[in-house]
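> Next one to model:
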Amino acid sequence: YFKQSVINYKKEYEINRPYVTKIEQFENGNQHVDSSIKQLTIHFSQPMNKNFRSFELGPLGEKNLIRITKVIGYSEDGKSLSLEVSLEPNKQLQLIIDKGFRSTINYHLKPYLIDIRTNK
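Below is the predicted model:
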């Protein structure tokens, strides 16, 4: 029924999926993030569909969640999203940017775990 094998379609899909290229205001994995930071900007490899987004708990669960207090919005080109966040001091915090995000051509985002530790 298909022109290619399912394996080839899966490979093509994975190659075309968008991914998080970086985050701003602090680096992912940073163990000394200032808890007074109130904004997080996520950058994507492709323009994203502005109607879709999805966030999940990290492996440490709800007690260690980076809390989103407000969605500021996407950049004009759809390649970044800014959020207002609340960071608890002296804590390891996580947030998964999940596959509910979609590119403008409807490929689901490769999930991305933000995992940081705050100070003061």
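> Quickly list what the residue most central in space within the chain is bridged to.
The residue lying closest to the centre of the chain (C-alpha atoms, centre = their mean) is Ile97, at 3.0 Å. On the basis of DSSP bridges, Ile97 is bridged to Phe55, Tyr112.
> and it, what does it touch?
Counting by C-beta atoms under 8 Å, 6 or more residues apart in numbering, Ile97 makes contact with Val20, Ile42, Ser54, Phe55, Leu109, Pro111, Tyr112, Ile114. C-beta: built from backbone N, CA, C; applies to glycine.
> Return the set of residues that bridge with Ser86.
Arg67.
> what's the burial count for it?
14 (other C-beta atoms under 10 Å).
> Can you find the helix or strand of the protein with the lowest average pLDDT?
helix 6-16 (a mean of 92; mean pLDDT, DSSP states H and E).
> What is whichever helix or strand comes after it packed up against?
On the C-terminal side of helix 6-16, the closest following helix or strand by DSSP states H and E is strand 20-24. Using 3 or more C-beta pairs under 8 Å, 6 or more residues apart in numbering; DSSP states H and E, the elements in contact with strand 20-24 are strand 39-44.
> Surely Tyr112 and Thr21 touch.
No. With contact defined as C-beta atoms under 8 Å, Tyr112 does not count as touching Thr21 (9.6 Å).
> The two: which has the busier surroundings?
A direct count of neighbours by other C-beta under 10 Å for Tyr112 and Thr21 places Tyr112 higher, at 18 against 13.
> Thank you, goodbye.
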